[in-house]
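S.K.: Make a model of this:
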Amino acid sequence: VAFFRGQGLRAATRVFLPDLWLPETSEVVFSARLGDTTNLWKVALSPGSWRASGPAQRLTFGTGPEVLPVIAGPGRLVFASHTSNVDLWGLRLDAGQAKIQGDLHRWTSDPGIDSQASLSADGSKMVFTSTRAGNSDIWWKDLESGRDTPLTVTPSPETYPLLSPDGSKVAYSVREGSKSSNCIMTLGSGAGGSVQPGPPERACEDCGGPAGWFPDGQKLL
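M.R.: Predicted coordinates for the structure are as follows:
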C-alpha cells in the first residue's frame, strides 16, 4: 500500500486487488484511483522476490471508472468503463405496525454519489455525503422544502455525518493525509428558512468516525 501511495495511487475499492496476471512479462494489472479518475495500471514483479521491480504504469486514461480487465489476445485487453449514479430514497413507515405508507420517494437527483444519510428525530431534516462538487462533502437537506445546502466545501474528504436528534448539530469525520478526525458543526437558521453552518470545532484527533449522538445531543459516541 505504501508503495502505491508513493505514486499518489489509491485503491479503487477498499484495498488494492490484482485483476490480471500477465505471465509473459511477470506483470499484474489492477484498477486504482489517481485524483478523480479510476484507471487500469500495471506493475512488474521481480520473479525472485515477487516485489514490485519498478513504478506502476498507467494503461488507460478515461474519465469514467475503468475496471474488470480481461485478456482479449496478445497485447490486448477488454475492460469496462462505467458510470454510476447513487441517490438517496425514502419510504414512509407506520412504525407501530412496521408497514409501508405511500410510494418510494427520491430525495436526491444529481450526477454525484449521495450516501450516508442521517435524519433528525422528527424526520424533517437530513445530512448526507455527496460528491456532486467533485469531492466528498457534507450536505444538508430540508425534506419538507426539498432545499439542499452544502455544509462543507473543502479539498479534504468529509464522511460519516451524524445529525443530532434536534437537528441543531452535525458531527462528521474529515480525513487529512493518513489521519482522520471528528468535527462538530452547529447549524443556525438563515434567511428564508435556510440553514447557516457555523465554524467546525474539532472533537477528537486521529480517531474513528462518529457512531451516534446521545439523546440529549450533548455527548457523542
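
S.K.: Not counting sequence-adjacent ones, nearest residue to E144?
M.R.: Spatial nearest neighbour of E144, excluding adjacent residues (Cβ to Cβ, 6 or more residues apart in numbering): S124 at 5.6 Å. Heads up, the C-betas are built off the backbone N, CA and C, glycines and all.

S.K.: how many other residues sit next to the one you found?
M.R.: Other residues lying near S124 total 13 when counted by other Cβ atoms under 10 Å.

S.K.: I figured it hits D142, correct?
M.R.: Yes. Between S124 and D142 there is a contact under Cβ atoms under 8 Å: 7.1 Å.

S.K.: Report the contact partners of the residue nearest to E144.
M.R.: Neighbour list for S124: D142, L143, E144, G167 [criterion: Cβ atoms under 8 Å, 6 or more residues apart in numbering].

S.K.: Check the residues you listed and tell me the two furthest apart.
M.R.: E144 and G167 (11.9 Å; Cβ to Cβ).

S.K.: higher neighbour count, those two?
M.R.: Looking at E144 and G167 with other Cβ under 10 Å, you find the greater number of neighbours at G167, namely 21 against 10.

S.K.: and A12, how many neighbours does it have?
M.R.: When neighbours are counted by other Cβ under 10 Å, A12 comes out with 20.

S.K.: Then D206?
M.R.: 10.

S.K.: quick check, it in a strand?
M.R.: No. Counting by DSSP: H, G, I helix; E, B strand; the rest coil, D206 is not part of a strand but coil.

S.K.: F3 in helix, strand or coil?
M.R.: F3 - assigned by three-state DSSP - is helix.

S.K.: Tell me the spacing between it and L9.
M.R.: The gap separating F3 from L9 is 9 Å, by Cβ to Cβ, to the nearest Å.

S.K.: ok, those two, which is more surrounded?
M.R.: Using other Cβ under 10 Å as the criterion, F3 and L9 rank with L9 on top: 22 against 13.

S.K.: Help me confirm that that one comes into contact with F30.
M.R.: No. Between L9 and F30 there is no contact under Cβ under 8 Å: 9.4 Å.
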